[in-house]
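J.: Would you be able to build a 3D model of this:
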Amino acid sequence: MSRTLQLYHAAGSPNSRRVRVFLAEKGLELTLIPVDRGAGEQHSEAYRAINPRRVVPSLMLEDGTTIGEVPAIMRYLDEAFPETPLLGATPKDKGLVAMWERRAELEGFAAVMEGVRNKSAGLKGRAIAGPHGYEQIPALVDRSVLRVKNFLSDLNERLEQVPFIAGDQFSAADITALVTIDFARALDVSVPDEHRSLKRWYEAISARPSMKA
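T.: I've put the predicted structure just below:
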């Protein structure tokens, strides 16, 4: 049944990777349709008809409905295919996963994205993803690096108390945090040696087969 769903994605897109890892953890195989961002395919009329925001990933359902935004795609998939829940199985767990996944996205992933989009020469005039053009603000790069470093420090403190980001079980929060750390290499930021709990977690999560998705 999952093959009837179509995921428009890009190989080098961290947001696309978040969904691909999510699918791998749940054992789902969707029809994957690549979007060539290097060639500007996301700005084509054909793709704009699918996702007017011109970003990836996008999930197209059997009836032609398109769901964009990673948390929304994850929500649909976790509810449509409840086996191996990654957004929590109980009300308490769902609340904790939602909280920590949001923190990972806003405090970590978004900070890296801000830095990369304001730093990359290839993104001039495209400092913010979406249908509108925005000029880069180079001064934001240094702030983004500081935000990411603070995120890693906070994450290390959290992981001194629990085995996974949201608690005792692997979840979408771990996926977003792991992809964020890998993405941060674009800003020359990595996990400091003194963050031992974060390093232990990172090595364990990176070894999961799903992370190759």
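
J.: tell me which residues in the lengthiest helix in the chain are buried?
T.: Identified as the longest helix of the chain according to DSSP state H is helix 139-159. Residues Leu140, Val141, Ser144, Val145, Arg147, Val148, Phe151, Leu152, Leu155, Asn156, Arg158, Leu159 are the ones in helix 139-159 that count as buried (16 or more other C-beta atoms under 10 Å). For every residue, glycine as well, the C-beta is placed using N, CA and C.

J.: out of the residues you listed, what pair is the most spread apart?
T.: Of all pairs drawn from the buried residues of helix 139-159, the widest gap by C-beta to C-beta lies between Leu140 and Leu159 and measures 27.9 Å.

J.: What residues does Ser206 make contact with?
T.: By C-beta atoms under 8 Å, 6 or more residues apart in numbering, the residues touching Ser206 are Leu178.

J.: Could you report the separation of it from Lys212?
T.: Separation of Ser206 from Lys212 (C-beta to C-beta, to the nearest Å) stands at 10 Å.

J.: What of Glu107?
T.: Glu107 sits 26 Å away from Lys212, going by C-beta to C-beta.

J.: and if you look at Ile137?
T.: Using C-beta to C-beta, one gets 35 Å for the distance from Ile137 to Lys212.

J.: Looking at the two, which one has more neighbours?
T.: Ile137 (12 against 9; other C-beta atoms under 10 Å).

J.: which one is the more buried one nearest to, not counting chain neighbours?
T.: Nearest-residue entry for Ile137: Asn118, 5.5 Å, with adjacent residues in sequence omitted and distances by C-beta to C-beta, 6 or more residues apart in numbering.

J.: One more: Glu157?
T.: Nearest one to Glu157, counting by C-beta to C-beta, 6+ apart, is Ser197 at 7.9 Å.

J.: Show the pLDDT at that neighbour.
T.: Note on Ser197: pLDDT of 98.

J.: Same check on Met1?
T.: For Met1, the pLDDT comes out at 51.

J.: domain assignment for this structure?
T.: The chain is divided into the following domains under automatic domain parsing: 2-80, 91-212.

J.: What separation is there between Asn51 and Asn118?
T.: Shown here: Asn51 relative to Asn118, a distance of 23 Å by C-beta to C-beta.

J.: now His9
T.: Taken as C-beta to C-beta, the span from His9 to Asn118 is 24 Å.

J.: those strands in this structure, which residues are they?
T.: For the chain, the strands defined by DSSP state E cover 6-9, 31-34, 58-60, 66-68.

J.: Tell me which residues are up against the first one.
T.: Residues lying outside strand 6-9 but in contact with it, judged by C-beta under 8 Å, 6+ apart, are 16, 19-20, 23, 30-35, 47, 50-51, 56-60, 73.
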